[in-house]
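Participant: The amino acid sequence is not available; the structure is as follows:
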Ligand SMILES: [Mn+2]
């Protein structure tokens, strides 16, 4: 009993076939989540650029275990590992929200981590950019696990270059704007990546749209710079007043006002720290986890996604893995939405083929 990938039993509720060796009936993919190699969802671990190019996956997970650029509590370097293991699932999964079995429609792999070393911002960002470039060259959509938010600068830079000459819009969920010029003089801080991306031309300011901002930062000068760039942002208070779905619909329209493709950046601190405490700069009064997961489905379902990151998970401050689990589910919701779109486009192609066959038969 094997499925289309030649795998054995597909999940925890499939029995081993009669007569199978009970010690080998379940392959690693289908064994419990806590057994075996801790790649994301136990997906194939393909770190080599040439091997990735041969595999041509649809989506590749990338770890960016880097937190040299934080301004307050460190720990996000442990984020990728925590996110990868924050799931009780192994084997086939079925999205109840979207009614799709993602791995039936998409080839998803884990491309491993960018080869980061500590204490060198430039090197860290360079190897992250290179790793994301390896993924885009394979044809896959990169989903990057941070890491502090500075990693969005190299990651979205690589994605912007990959989609050129098409332009990239960015939808950015965060408590903070991350658009300062420097943090204590450092241009590569986790408070500055959005400014670097606009200055470098990777994205136009008017297509950089932020959702969930709140609290007491940044100051008027940075907000004025953001306005000058044409950046658009939606405060948490707007979500409270209008509801997340309407606000996010506007954010999508604004990000796609010109560009054709979207990079989605999710700072886990957009969620209220009561639900996601494991982060470096918690800001009370944020989104509900369920609102963010719905928002990820909404964005990915309605745009052409070119890349994504989920950042600022700091496991040392987490409790019972709730923050890492929320980040993990952001990734799964995106993968599931991509799979549902793939299935819909496949159904369209079959319908069109049917129409062609009918008309030629009729003619
Ligand atoms: Mn951020």
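Facilitator: Structure received. Small disclaimer: the values here were computed from a predicted structure and weren't measured. Residues are numbered from 1 along each chain as shown.
Participant: Only C-alpha atoms from now on, for both contacts and neighbour counts.
Facilitator: Will do.
Participant: what about the closest residue to residue 208 other than its chain neighbours, which SS state?
Facilitator: Among residues not flanking residue 208 along the chain, residue 170 sits closest, at 4.9 Å (Cα to Cα, 6 or more residues apart in numbering). Look at residue 170: counting by DSSP: H, G, I helix; E, B strand; the rest coil, its state is strand.
Participant: for residue 170, what are its contacts?
Facilitator: Shown in contact with residue 170 (Cα atoms under 8 Å, 6 or more residues apart in numbering): 203, 207-209, 255, 262-265.
Participant: any idea of the mean pLDDT in the helix ranked longest in the chain?
Facilitator: If you go by DSSP state H, the chain has its longest helix at helix 322-362. Mean pLDDT, computed over helix 322-362, is 85.
Participant: which strands and helices sit next to that helix?
Facilitator: helix 79-85, helix 102-105, helix 289-302, strand 304-311 (3 or more Cα pairs under 8 Å, 6 or more residues apart in numbering; DSSP states H and E).
Participant: rewinding a little: is the residue nearest to residue 208 in a bridge, and if so with what?
Facilitator: When bridges are called by DSSP bridges, residue 170 pairs up with residue 208, residue 263.
Participant: and the gap between it and residue 293?
Facilitator: Distance, residue 170 to residue 293, using Cα to Cα, to the nearest Å: 17 Å.
Participant: One more: residue 159?
Facilitator: From residue 159 over to residue 293 (counting by Cα to Cα), the distance is 23 Å.
Participant: again, but for residue 259
Facilitator: Computed as Cα to Cα, the residue 259 to residue 293 distance reads 24 Å.
Participant: check contacts around the nearest residue to residue 309 once chain neighbours are set aside.
Facilitator: Using Cα to Cα, 6+ apart and skipping residues adjacent in sequence, the residue nearest residue 309 is residue 144, 4.4 Å away. The contact partners of residue 144, by Cα under 8 Å, 6+ apart, come to 61-64, 155, 308-310.
Participant: For residue 144, give me the pLDDT.
Facilitator: Reported pLDDT for residue 144: 99.
Participant: where's the host helix or strand of it relative to the chain centroid, distance-wise?
Facilitator: Element membership for residue 144 (DSSP states H and E) is strand 141-146. Using Cα atoms, centre = their mean, to the nearest Å, the mean C-alpha position of strand 141-146 is found 5 Å from that of the whole chain.
Participant: Tell me what angle that strand forms with strand 304-311.
Facilitator: Here strand 141-146 points in a direction 10 degrees away from that of strand 304-311 (axes from the mean of the first three to the mean of the last three Cα atoms, to 10 degrees).
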